[in-house]
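[1] have a look at this prediction, sequence included:
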Amino acid sequence: MNTRKIEIAVGCFVAIAIGAFLILALKVANTGFAGSGDTYTLYADFENIGGLKARSPIKVGGVVVGRVASIELDKTYYTPRVRLEISKQYDNFPETSSVVILTSGLLGEQYLGIQPGFIDETVHILQDGDVIEDTRSAMVLEELIGQFLFNRN
Amino acid sequence: MFVSRLQRLGADTIQTVAGLGRAALMLFGAVFGKPDVRKGFPLLIKQLYVVGVLSLLIILVSGLFIGMVLGLQGYTVLVKFGAEGMLGPLVALSLLRELGPVVTALLFAGRAGSALTAEIGLMKATEQISSMEMMAVDPLRRIIAPRFWAGVISMPLLAIVFTAVGILGGHLVGVDWLGVDAGSYWSAMQANVDLHQDVFNGIIKSIVFAFVVMAIALHKGFDAVPTSEGIAKATTETVVTASLAVLAFDFVLTALMFGG
């Protein structure tokens, strides 16, 4: 086989591999929210985060607007503090908004839901680095069952 | 009796260490030898054809079938929990993280690694390597380096093709045959597969496996006893050692990447 045919075959091989990589990168993997530059940070303190993890989605009405960046324990109050990274596209949440830890389905993953609050002239819009005050903790199934059993007796 | 066993143990150890040393020296010469682009590039293209393009068919066929089997088996289990919407992530994650790189490396060791060992062993048996040295041509640069780099370049590419075809195979069985919803197959996959965590880690795995398999295959060929028996033994050893090394490295890499 002459060199030209070999080179064409190798070119096809590399092209197929690049095509396959593009399929993996664009169609299979989650590339949305890859750009980390266009986000801003909010904080929220919870009593109990349940099964929330870093990189869990943050949703408003089911639409993903950001991801949980990290979760740390506050040293003074011993409550978990969650760092939220939210897309700059959605930068007008009022400070009356509340954050809830929700579960997708009965056994599904946990995610953060933001419920936007009301706006009037005394309410500020949340800026980079602000803390969302109104939070509700995760539903822990064991505690619910415990309460249920306790109430029956 | 005891002393002679001790002697055997010592001899085996020395032999193993000497073999590792020769392999490292050979690899060092091949990888860090001054590359000559004008002469080396056509050799590399030739070897990319032999090692990569000719392996494409077996990779495509086995990728398709492994993806189809994953779709079928995953479906039968998931449908019991009414969770057949998670078939996409199951197929994609098992292919991206484990099966793509590992099975490609095993097939590559069997298809291309054994052929390289036999080729180089025969070159040694027919004294082509010695005659190259006589003509002041460095066999490490002329023979080993192009084959080594061709393997290192083509194995990740083959693993990517394998994974993509496998996911399409899972789609073929899960969606087109068993009736999983096409939208949930892809959207659940996109929600659960991460470009850095899963795709790039799989490619890194594949590159590591490529180094391991090519180093073993080329060293076994270069170090073969130059008889027909020695070449047969070296070829077998290539497939066995490379497969075991790939599986061992896979465990270590998985523990490092996904264990924490």
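    Yes, it's here. Note that the structure is a prediction, hence the values are computed from the model and not measured.
[2] in chain A, spot the strand with the most residues.
    strand A:63-73 (DSSP state E).
[3] does chain B sit close to that one?
    No - Strand A:63-73 lies out of reach of chain B by Cβ under 8 Å from any Cβ of the partner chain, never closer than 9.0 Å. For the C-beta atoms, the positions are set from N, CA and C on the backbone; glycine is no exception.
[4] could you give me the buried positions within that strand?
    Across strand A:63-73, burial judged by 16 or more other Cβ atoms under 10 Å in any protein chain shown covers A:65, A:66, A:67, A:68, A:69.
[5] equivalent analysis for stretch B:251-260, please.
    Using 16+ other Cβ under 10 Å as the test for burial, stretch B:251-260 gives B:253, B:257.
[6] so where is the chain shaky, pLDDT-wise?
    By default, I'm working from chain A. A:1, A:30-37, A:106-108, A:153 (pLDDT under 70).
[7] to clarify, I was referring to chain B.
    Across chain B (using pLDDT under 70), the flagged ranges come out as B:33, B:35, B:260.
[8] how about the residues of it by chain A?
    B:42, B:45-46, B:48-49, B:52-53, B:56, B:92, B:96, B:154, B:157-158, B:160-161, B:163-165, B:167, B:186, B:189-195, B:198-199.
[9] cross these against helices and list the overlap.
    Residues of the residues of chain B next to chain A located in helices (DSSP state H): B:42, B:45-46, B:56, B:92, B:154, B:157-158, B:160-161, B:163-165, B:167, B:186, B:189-192.
[10] filter those residues to the buried ones?
    Applying 16+ other Cβ under 10 Å to these flags B:45-46, B:56, B:92, B:154, B:157-158, B:160-161, B:163-165, B:167, B:186, B:189-192 as buried.
[11] flag every residue of chain A that's near chain B.
    So far as Cβ under 8 Å from any Cβ goes, chain A lies against chain B at A:3, A:6-7, A:9-10, A:12-14, A:16-17, A:19-21, A:23-25, A:27-31, A:34, A:55.
[12] if you set the cut-off to 7 Å instead, what comes out?
    Residues of chain A lying near chain B by Cβ under 7 Å from any Cβ of the partner chain: A:3, A:6-7, A:9-10, A:13-14, A:16-17, A:20-21, A:23-25, A:27-31, A:34.
[13] send me the biggest helix by length in chain A as CSV with only the CA atoms.
    In chain A, with assignment by DSSP H, the single longest helix is helix A:3-22. Extracted as CSV, the C-alpha positions of helix A:3-22 are listed here (Å, rounded to 0.1, in the frame of the first residue of the first chain):
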residue,chain,number,x,y,z
THR,A,3,2.1,6.2,1.5
ARG,A,4,-0.8,8.3,0.3
LYS,A,5,-3.4,5.7,1.1
ILE,A,6,-1.9,5.1,4.5
GLU,A,7,-2.0,8.8,5.2
ILE,A,8,-5.6,9.0,4.2
ALA,A,9,-6.5,6.1,6.4
VAL,A,10,-4.7,7.6,9.4
GLY,A,11,-6.5,10.9,8.7
CYS,A,12,-9.9,9.1,8.7
PHE,A,13,-9.0,7.4,11.9
VAL,A,14,-8.1,10.7,13.7
ALA,A,15,-11.2,12.4,12.2
ILE,A,16,-13.4,9.5,13.5
ALA,A,17,-11.8,9.8,17.0
ILE,A,18,-12.3,13.6,17.1
GLY,A,19,-15.9,13.1,16.0
ALA,A,20,-16.5,10.5,18.8
PHE,A,21,-14.9,12.9,21.3
LEU,A,22,-17.2,15.7,20.2
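[14] and that helix, how far from the chain's centre?
    39 Å (Cα atoms, centre = their mean, to the nearest Å).
[15] next: stretch A:67-77.
    Centre-to-centre, stretch A:67-77 and its host chain are 14 Å apart (Cα atoms, centre = their mean).
[16] list the helices and strands the longest helix of chain A packs on?
    If you count contacts as 3 or more Cβ pairs under 7 Å, 6 or more residues apart in numbering or on different chains; DSSP states H and E, helix A:3-22 packs onto helix B:37-47, helix B:145-171.
[17] quick check: angle from that helix to helix B:37-47?
    Orientation check (axes from the mean of the first three to the mean of the last three Cα atoms, to 10 degrees): helix A:3-22 against helix B:37-47 gives 70 degrees.
[18] tell me which residues of stretch B:173-192 are tucked away?
    Neighbour-count burial for stretch B:173-192 flags B:173-175, B:178, B:180, B:184-186, B:188-192 (criterion: 16+ other Cβ under 10 Å).
[19] my bad, stretch A:2-19
    Quick answer for stretch A:2-19 (16+ other Cβ under 10 Å): A:6, A:9, A:10, A:13, A:14, A:16, A:17.
[20] a markdown table for the buried residues of stretch B:173-192, including distance to residue A:48?
    A markdown table is the format used below for these (distance: Cβ to Cβ, whole Å):
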| residue | distance to residue A:48 |
| --- | --- |
| B:173 | 42 |
| B:174 | 38 |
| B:175 | 40 |
| B:178 | 40 |
| B:180 | 36 |
| B:184 | 31 |
| B:185 | 35 |
| B:186 | 35 |
| B:188 | 28 |
| B:189 | 31 |
| B:190 | 30 |
| B:191 | 25 |
| B:192 | 25 |
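[21] what residues are up against residue B:12?
    Under the criterion of Cβ atoms under 7 Å, 6 or more residues apart in numbering or on different chains, residue B:12 has no neighbours.
[22] that one and residue A:147, how far apart?
    Taking Cβ to Cβ, to the nearest Å as the measure, residue B:12 falls 66 Å from residue A:147.
[23] how deep is the closest residue to residue B:150 other than its chain neighbours tucked in, by neighbour count?
    Leaving out its chain neighbours, the residue that sits closest to residue B:150 by Cβ to Cβ, 6 or more residues apart in numbering or on different chains is residue B:47, at 3.6 Å. Using other Cβ atoms under 10 Å in any protein chain shown, the number of residues around residue B:47 comes to 24.
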